[in-house]
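> Just the structure for this:
(one chain, ligands or ions: 1)
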Amino acid sequence: MSLIIDIEKTLGNFSLDVHFKAENEVLGLLGASGSGKTMTLKCIAGVITPDRGHIELDSQVLFDSEKKINLSPQKRRVGLLFQNYALFPNMTVWQNIRTGLLRDHMGRASADAAVKDIIEKLRLTGLEKHKPWQLSGGQQQRTALARILISAPQIILLDEPLSALDSCLRWEVETQLSDILAEYGKTVILVSHDRDEIYRLCSRASAMTGGCAGQPVPVEEMFERPSSISEALLSGCKNISRARRLTSRTLLAQDWGTVLKTDREIPENLCGVGLHATDLCPSWSGKNENSIRCHIEKRISDPLYDIYLLRPQSGDWPEGEDHFKTISNLPQAEDSASSRLLRMDCPKNSSQPFSKEQELTVSMPCQKLMFFT
Ligand SMILES: Nc1ncnc2c1ncn2[C@@H]1O[C@H](COP(=O)(O)OP(=O)(O)OP(=O)(O)O)[C@@H](O)[C@H]1O
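Coordinates of the predicted model:
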């Protein structure tokens, strides 16, 4: 089973340009609000018609602009779960699920058996006669999933499946969803703006920005070695600087006003460098390699970390090499005041908290630096 999507669509001022292939896997689309995630799902489901391109599911063409193929949503065998689940409010759980069974040839007894079976599987037993407003968020979500699963879809599309749930219920429902998707075993496209959710539920993910989807990569890779600034931002990297390659193992981090040494080859077309906030650490031995003197602008306490916002002290680099001198002539980033602040997350109780307004030398471990091209 595989999905091939290669489409373009313009709606008003927004342009969608999406090309990727998904196998039997849970593939995540990670993007900020308005990046085109829902529109992508609607194009696959046949609710929106692309201007150009091709969509193919398991060798069956669902849409092809040149060949003038455009299967109706009913013929696509796509299960689309909307953000708000879209249950019929005047129908019971049983009736809602029953509407997923479109096979007319199925006798009443087999249809009833199929509904009963899926109700048991999704732990909805006892709720058959409830209307959607009598259900919790998790039960509504399972009812909507049951309605999709009973229709034996060739692919499942989940649009922010957990966003309607409060944080207490979310974890429980996410665990159940993960089991249901594993049992389903075919292609699932899961849309979310929550990086942790994508990491836990998906095997690969694509970063969506401004209507464009990046090539899907294993989730571990997107989070540990993002290749572009947009992937890094979406995966939660808080420290990003424009950067230029100086030698195969040194780079100029323009927004941090420093030269950094690396433990591996720097790509020729380097444009940025990043470091997770949890990888930036105090340099206990004072000034050493890849360390920057900073001024603590702010300390924020959260349940697990002491979060520090640090202003690098510009001009704090060794003398004697030509490329160091070029730093002071570089233009600042557009919003220079905030973009130059570094964020350092120190686990609570790992050390005595530093105080605001203090000077601190921090270290950027070379093996943790991420290169963006
Ligand atoms: N029918 C339409 N006409 C014009 N513009 C539209 C239409 N539908 C969506 N858009 C625009 O397309 C963009 C992408 O919308 P989409 O719903 O795909 O975003 P999203 O990534 O799913 O966001 P969210 O996470 O907020 O749901 C938005 O800027 C939206 O305003």
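> measure residue 169 to the ligand for me?
Applying Cβ to the nearest ligand atom, to the nearest Å, the value for residue 169 to the ligand is 20 Å. To be clear about C-beta, it is placed using only N, CA and C from the backbone, and glycine gets the same treatment.
> Over to that residue. Which of the three states is it?
helix (DSSP: H, G, I helix; E, B strand; the rest coil).
> The residue in the stretch 101-250 of the chain positioned nearest to the ligand: neighbouring residues, count only.
Nearest to the ligand, among the residues of the stretch 101-250 of the chain, is residue 193, at 5.5 Å (Cβ to the nearest ligand atom). Residues near residue 193, counting by other Cβ atoms under 10 Å, number 18.
> just checking, it touches residue 29?
No - look at residue 193 against residue 29 with Cβ atoms under 8 Å: they stay out of range, at 9.6 Å.
> anything in contact with each of those two?
Residues touching both residue 193 and residue 29 (Cβ atoms under 8 Å, 6 or more residues apart in numbering): residue 37.
> mind checking which helix or strand the residue sitting nearest the centre point of the chain is in?
The residue lying closest to the centre of the chain (Cα atoms, centre = their mean) is residue 30, at 2.7 Å. Following DSSP states H and E, one finds residue 30 within strand 26-31.
> quick one: is the helix or strand that that strand is followed by near the ligand?
Following strand 26-31 in sequence order, the next helix or strand is helix 37-45 (DSSP H and E). Yes - using Cβ under 6 Å from any ligand atom, we find that helix 37-45 touches the ligand at 37-39.
> Between strand 26-31 and helix 37-45, find me the angle.
In terms of direction (axes from the mean of the first three to the mean of the last three Cα atoms, to 10 degrees), helix 37-45 departs from strand 26-31 by 140 degrees.
> Export only the CA atoms of helix 37-45, formatted as CSV.
Only the C-alpha atoms of helix 37-45 are listed here, as CSV (Å, rounded to 0.1, in the frame of the first residue of the first chain):
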residue,chain,number,x,y,z
LYS,A,37,-2.0,20.6,6.4
THR,A,38,-5.8,20.4,6.3
MET,A,39,-5.9,21.4,2.7
THR,A,40,-3.5,18.6,1.8
LEU,A,41,-5.8,16.0,3.5
LYS,A,42,-8.9,17.5,1.8
CYS,A,43,-7.2,17.1,-1.6
ILE,A,44,-6.4,13.4,-0.9
ALA,A,45,-10.0,12.9,0.3
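> Show me which residues of the chain are close to the ligand?
Looking at the ligand, the residues of the chain close enough under Cβ under 6 Å from any ligand atom are 11-12, 14, 31, 33-39, 193.
> try 5 Å
11-12, 14, 33-39 (Cβ under 5 Å from any ligand atom).
> Quick check: ChimeraX command selecting the buried ones in those residues.
Listed next is the ChimeraX selection for buried residues among these, using 16 or more other Cβ atoms under 10 Å:
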select :35,36,37,38,39
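> pLDDT weak spots in the chain?
1, 103-105, 285-288, 314-339 (pLDDT under 70).
> Distance from the longest strand along it to the middle of the chain?
Longest strand in the chain by number of residues, with DSSP state E as the criterion: strand 291-301. Mean-position distance between strand 291-301 and its chain equals 28 Å (Cα atoms, centre = their mean, to the nearest Å).
> can you state the direction angle for the very next helix or strand once past it and strand 291-301?
In the C-terminal direction, the helix or strand that comes right after strand 291-301 (DSSP H and E) is strand 305-312. Calculated by the same axes, to 10 degrees, strand 305-312 forms an angle of 140 degrees with strand 291-301.
> Which residues does strand 305-312 contact?
Outside strand 305-312, the residues that reach it (Cβ under 8 Å, 6+ apart) are 256-258, 277-278, 292-301, 340-348, 353-354, 360, 362.
> just to revisit the earlier point, next, the buried residues of the strand holding residue 30.
26-31.
> next one: stretch 48-58
Neighbour-count burial for stretch 48-58 [16+ other Cβ under 10 Å]: 48, 50, 53-57.
> Other residues contacting it?
1-11, 16, 39, 42-44, 61-66, 70, 76-78, 154-155, 187.
> of those residues, buried ones?
3-9, 16, 39, 42-44, 62-65, 76-78, 154-155, 187.
> Walk me through the domains of this protein.
3-233, 238-372 (automatic domain parsing).
> Out of those domains, which one sits most buried?
domain 3-233 (a mean of 18; mean count of other Cβ atoms under 10 Å).
> Sweet, I'm off.
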